[in-house]
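Visitor: Build me a model from this:
(chains A and B)
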Protein chains: 2
Amino acid sequence: MNLKAKSKIWIETEKGILMGEGRFRLLKELDQTKSLNKASKNLNMSYNKAWKLLKDMNANAPKPISINQSGGKDGGGTELTDYALFLINAFEDLNKKCWDMLDLEIQKFDL
Amino acid sequence: MNLKAKSKIWIETEKGILMGEGRFRLLKELDQTKSLNKASKNLNMSYNKAWKLLKDMNANAPKPISINQSGGKDGGGTELTDYALFLINAFEDLNKKCWDMLDLEIQKFDL
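Guide: Now for the predicted structure:
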């Protein structure tokens, strides 16, 4: 029988959750759209929930995650920091390492 | 800042979930108590939920997980198969490998 080991990972600081599946998707959308409104719509997430997630990440992170741009013809937007982009890549990398390891290890067991 | 990467893993067959955190704890308690009633009480889980979890595991697994012992002065009990014991160890092993890997990898990032 074909067995598959799956995982969900997340990253915490002393203050709370910094990164997880939902936060990761939100940051990816924010990187694309530069707008919390558009990002939340694309994820079928309420604006309120997306706003709270981002606020929580900024509160828990050692460095800022996002910068609010005010003004301009679109009435401002949300810009990710370099730190947030680094975090996106780190989370993807950790996830891939975890999945690869589990794929390899599960084969060793005759389950 | 001290960052920690955490994970939850589970094992699936083509039929559905075979093993996860809750199922693992149930099997460990069953191994100790040989009783679904005692095991569910020790886990603060309803007997009905424990029974459904065990039934689902037996349905999804390639080999039987448990055997119902009828009769005797305690009115029967639930005995784990060698396969279930093997599964407990495999799940513990996979979890430990995952945690160790994440502990190591998270240090590599200057997050």
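
Visitor: need the residues of chain A near chain B, please.
Guide: Neighbours of chain B within chain A, by CB under 8 Å from any CB of the partner chain: A:1-14, A:18, A:62, A:86-87, A:90, A:93-94, A:97-98, A:101-102, A:105-106, A:109, A:111. Just so you know, the C-beta spots here come from the backbone N, C-alpha and C atoms, and that holds for glycine as well.

Visitor: Ramachandran angles for the residue sitting furthest away from the middle of chain A?
Guide: Relative to the centre of chain A, the most outlying C-alpha is that of A:D110, 34.9 Å out, by CA atoms, centre = their mean. Here is the backbone geometry of A:D110 (degrees, to the nearest 10): phi -90, psi 70.

Visitor: gap between it and A:G77?
Guide: Plainly put, A:D110 is 54 Å away from A:G77 if you go by CB to CB, to the nearest Å.

Visitor: Could you measure from the most centrally placed residue in chain A over to chain B?
Guide: The centre of chain A sits closest to A:F24, judged by CA atoms, centre = their mean, with a distance of 1.3 Å. The gap separating A:F24 from chain B is 13 Å, by CB to the nearest CB, to the nearest Å.

Visitor: Am I right that that residue is in a helix?
Guide: Yes. Counting by DSSP: H, G, I helix; E, B strand; the rest coil, A:F24 is found in a helix.

Visitor: Give me the nearest residue to it, chain neighbours excluded.
Guide: Spatial nearest neighbour of A:F24, excluding adjacent residues (CB to CB, 6 or more residues apart in numbering or on different chains): A:F91 at 5.2 Å.

Visitor: Compute the distance between that neighbour and B:A50, please.
Guide: As for A:F91, its distance to B:A50 is 35 Å (criterion: CB to CB).

Visitor: Check A:K38 too.
Guide: Applying CB to CB, the value for A:K38 to B:A50 is 45 Å.
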